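Colleague: okay, predicted coordinates and the sequence, questions at the end:
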Amino acid sequence: MIRIEGQPILTAAEMRAAEERAAPTPDAMYALMERAGGSVADTVRRLAAGAEVLILCGPGNNGGDGYVAATALAGAGHPVRIAATGEPLTHSARRARAAWSGPVGRLDRAAPAPILVDALFGTGLTCPLDEAFAKPLHALARAARLRIAVDLPSGVATDDGAVPSAPFRFDLTLALGALKPSHLLQPAARYMGEVRVLDIGVPTPSAATALARPVLPEPGPDSHKFTRGLVLVIAGAMPGAAALAAEAAAHAGAGYVLLIDGGSAGPHAIVRRPWSPDALDDARVGAVVVGPGLGRDGQARDRFAVAFGSQHPLVIDGDALGLLALDYVRPAPTILTPHAGEFDRLFGAGEGGKIARARAAARRSDAVVVFKGADTVIAAPDGRVIVGTSPSYWLSTAGTGDVLAGACGAMLASGLESFTAAAAAVWLHGEAARRLGPAFLADDLAGALSAARS
């Protein structure tokens with residue numbers, strides 16, 4: 001089993017194409033199924049600790065993987081039963097069924113077992129799960145002590161995180177060959193339990209990957225405050241939000257943080273100056289953060305116009321997103337950090353999953369887009385995508401977005417390319433939240449960024 005961090009993400013169509021390239025003949029495709037099912041069996045056997053396994057097999061290749069897994073388990077002397085929805089329909093699945101020498105029970109009459117393996121439908125499902133299948137699946141899952149899904153829990157759409165019918169919450173999901181979008185996108189992701197990837201011998205290159213720990217910039221013996229990065233944060237109607245972003249930038253690693261018109265509260269290490277039209281003229285500025293608490297009045301518009309028109313790398317968050325006009329493109333690196341409501345107001349509600357929408361938004365704005373949420377998606381204009389993993393749901397509190405904006409500013413000012421900087425900030429933000437545990441304040445989160453770097 002492979003941890004998901006840094007692993008490629010493929011849609012159902014992309015995965016099918018990858019399998020067809022790797023296995024262009026029926027015999028090769030069946031050999032691929034044998035590898036997948038064998039890997040499932042190896043994993044199940046290690047986790048089952050000798051307990052009986054019930055494998056539920058559907059009519060397609062996911063069911064074929066289940067038949068292969070059952071055959072391998074039985075061959076190793078492990079107690080295993082199969083219950084199926086009916087006869088297999090694909091060439092490889094029929095071969096796998098023929099290789100299984102034991103009985104095949106009916107799904108709706110199956111007795112429970114301590115270990116349940118769901119190989120009913122996997123990838124490609126786009127419609128609700130038939131009640132004739134959903135009802136016994138849920139009953140058998142409730143009765144099991146360990147529930148394992150092959151590729152995806154039945155009832156989950158593959159590509160957009162949708163759940164056409166309510167799945168059961170599994171303990172472990174084994175992604176075959178590569179991650180699929182719904183392993184990470186909500187609401188589907190909440191039904192996966194732990195997700196691990198099984199290598200089935202298929203090359204799976206992809207422009208989309210799961211977030212992994214980044215290589216964070218570190219100071220060296222010749223570093224000083226300006227080489228580490230000067231972050232300038234512009235305050236407005238609610239200066240506390242900008243002060244929070246400034247503190248986050250400092251704790252994320254910036255060497256110098258300048259807060260414009262942000263009041264006097266907060267760490268003394270943060271330099272404070274009043275607003276002036278030439279506030280951004282310092283060539284040493286490595287990144288500007290605008291938007292946290294900025295407001296939407298005339299003053300906010302004037303300050304945003306100065307920031308947007310500068311040649312500095314820019315993080316646009318919060319209120320500033322409401323002032324952004326998409327028909328103007330900046331030549332300097334730009335990161336947008338909208339939550340779902342801000343994203344819809346800026347780019348429209350649109351169709352498709354979060355990955356596709358974030359990609360389209362990045363192309364349209366010619367900026368890196370950090371589409372925030374429990375399933376944060378980071379997209380670059382060139383089509384690269386990184387999807388966040390294992391978020392802390394305690395991040396759903398006021399001010400945490402301001403902290404992320406400050407962290408993005410610190411990573412940009414350090415000299416990282418904008419897409420890499422955004423991904424590093426998202427990882428650092430999530431790691432700080434994980435270390436804090438439950439019920440923290442955004443102020444705690446800003447401070448915790450320092451420890452998260454260790």
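Modeller: Okay, I see it. Bear in mind that the values here come from a model prediction, so they are computed numbers and not experimental data.
Colleague: what sits against the closest residue to Arg45 other than its chain neighbours?
Modeller: Nearest residue to Arg45, sequence neighbours excluded (Cβ to Cβ, 6 or more residues apart in numbering): His78, at 5.5 Å. Bear in mind the C-beta positions are built from the backbone N, C-alpha and C, glycine included. Contacts for His78 (Cβ atoms under 8 Å, 6 or more residues apart in numbering) come out as Arg45, Ala48, Gly50, Val53.
Colleague: domains of the protein?
Modeller: 12-207, 230-452 (automatic domain parsing).
Colleague: those domains: which one's closest to Ile2?
Modeller: domain 12-207 (4.2 Å; Cβ to Cβ).
Colleague: how far does that closest one stretch from start to finish?
Modeller: Distance across domain 12-207, first residue to last, is 15 Å (Cα to Cα, to the nearest Å).
Colleague: same question, stretch 109-119
Modeller: End residues of stretch 109-119 are separated by 17 Å (Cα to Cα).
Colleague: isn't Ala188 up against Gly161?
Modeller: Yes. Assessed by Cβ atoms under 8 Å, Ala188 is found in contact with Gly161 at 4.5 Å.
Colleague: am I right that Val315 is in a strand?
Modeller: Yes. Secondary structure of Val315 (DSSP: H, G, I helix; E, B strand; the rest coil): part of a strand.
Colleague: burial count for it?
Modeller: Per other Cβ atoms under 10 Å, the neighbour tally for Val315 reads 37.
Colleague: same deal with the one 3 residues further on?
Modeller: Neighbour count of Gly318, defined by other Cβ under 10 Å: 25.
Colleague: same question for Val329.
Modeller: Neighbourhood size, Val329 [other Cβ under 10 Å]: 11.
Colleague: same question for the one 3 residues further on.
Modeller: Here the number of neighbours of Ala332 (other Cβ under 10 Å) works out to 14.
Colleague: does it sit in a helix, a strand or a coil?
Modeller: coil.
Colleague: and if you look at Arg272?
Modeller: The three-state label given to Arg272 by three-state DSSP is strand.
Colleague: the stretch 351-454 of the chain: strands as residue ranges?
Modeller: Along the stretch 351-454 of the chain, the stretches classed as strands by DSSP state E, counting those that start in this stretch are 368-371, 377-379, 385-387.
Colleague: to clarify, my last question referred to the stretch 201-350 of the chain.
Modeller: Secondary structure of the stretch 201-350 of the chain (DSSP E, counting those that start in this stretch): strands at 208-210, 230-234, 256-260, 271-273, 285-290, 314-316, 334-336.
Colleague: dump the ones you listed to a markdown table, plus mean pLDDT and distance to Ala31.
Modeller: Converted to a markdown table, the strands of the stretch 201-350 of the chain look like this (pLDDT from 0 to 100; distance: least, Cβ to Cβ, whole Å):
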| stretch | mean pLDDT | distance to Ala31 |
| --- | --- | --- |
| strand 208-210 | 98 | 27 |
| strand 230-234 | 98 | 54 |
| strand 256-260 | 97 | 58 |
| strand 271-273 | 94 | 64 |
| strand 285-290 | 98 | 51 |
| strand 314-316 | 98 | 49 |
| strand 334-336 | 98 | 45 |
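Colleague: let me have the domains of the chain in TSV, extended by distance to Ile4.
Modeller: TSV is the format used below for these (distance: least, Cβ to Cβ, whole Å):
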stretch	distance to Ile4
domain 12-207	5
domain 230-452	6
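Colleague: and the residue nearest to Ala178 when sequence neighbours are not counted, what pLDDT?
Modeller: Leaving out its chain neighbours, the residue that sits closest to Ala178 by Cβ to Cβ, 6+ apart is Thr204, at 4.0 Å. Per-residue confidence (pLDDT) for Thr204: 97.
Colleague: what's Thr204 in contact with, if anything?
Modeller: Pro8, Leu10, Met15, Ala18, Gly177, Ala178.
Colleague: change it to 10 Å
Modeller: Contacts for Thr204 (Cβ atoms under 10 Å, 6 or more residues apart in numbering) come out as 7-10, 14-15, 18-19, 22, 177-179, 197.
Colleague: and if you look at Ala249?
Modeller: Taking Cβ under 10 Å, 6+ apart as the test, what Ala249 contacts is 229-233, 256-259, 270, 287, 289, 315, 403, 405-413, 425, 446, 449.
Colleague: what's next to the helix or strand hosting Met15, contact-wise?
Modeller: Assessed by DSSP states H and E, Met15 sits inside helix 12-22. Helix 12-22 is contacted by residues 8-11, 28-29, 31-33, 36, 61, 122-126, 151-152, 157-159, 175-182, 200-206, 208 when judged by Cβ under 10 Å, 6+ apart.
Colleague: let's see that with 8 Å instead.
Modeller: For helix 12-22, using Cβ under 8 Å, 6+ apart, the contacting residues are 10, 28-29, 32, 123-124, 158-159, 177-178, 180, 201-204, 206.
Colleague: and which of these is nearest Gly437?
Modeller: Relative to Gly437, the closest of the contacts of helix 12-22 is Lys180; by Cβ to Cβ it sits at 30.1 Å.
Colleague: mind checking what secondary structure the closest residue to that closest one other than its chain neighbours has?
Modeller: Once flanking residues are discounted, Lys180 sits nearest to Thr158: 5.0 Å by Cβ to Cβ, 6+ apart. Following three-state DSSP, we place Thr158 in the coil state.
Colleague: could I get the strands of the stretch 351-454 of the chain in CSV, plus columns for mean neighbour count, distance to Phe308 and mean pLDDT?
Modeller: Output for these, formatted as CSV (neighbours: other Cβ atoms under 10 Å; distance: least, Cβ to Cβ, whole Å; pLDDT from 0 to 100):
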stretch, mean neighbour count, distance to Phe308, mean pLDDT
strand 368-371, 29, 15, 98
strand 377-379, 29, 20, 98
strand 385-387, 26, 25, 98
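Colleague: how about these in JSON lines, adding distance to Arg434?
Modeller: JSON lines is the format used below for the strands of the stretch 351-454 of the chain (distance: least, Cβ to Cβ, whole Å):
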{"stretch": "strand 368-371", "distance to Arg434": "18"}
{"stretch": "strand 377-379", "distance to Arg434": "18"}
{"stretch": "strand 385-387", "distance to Arg434": "17"}
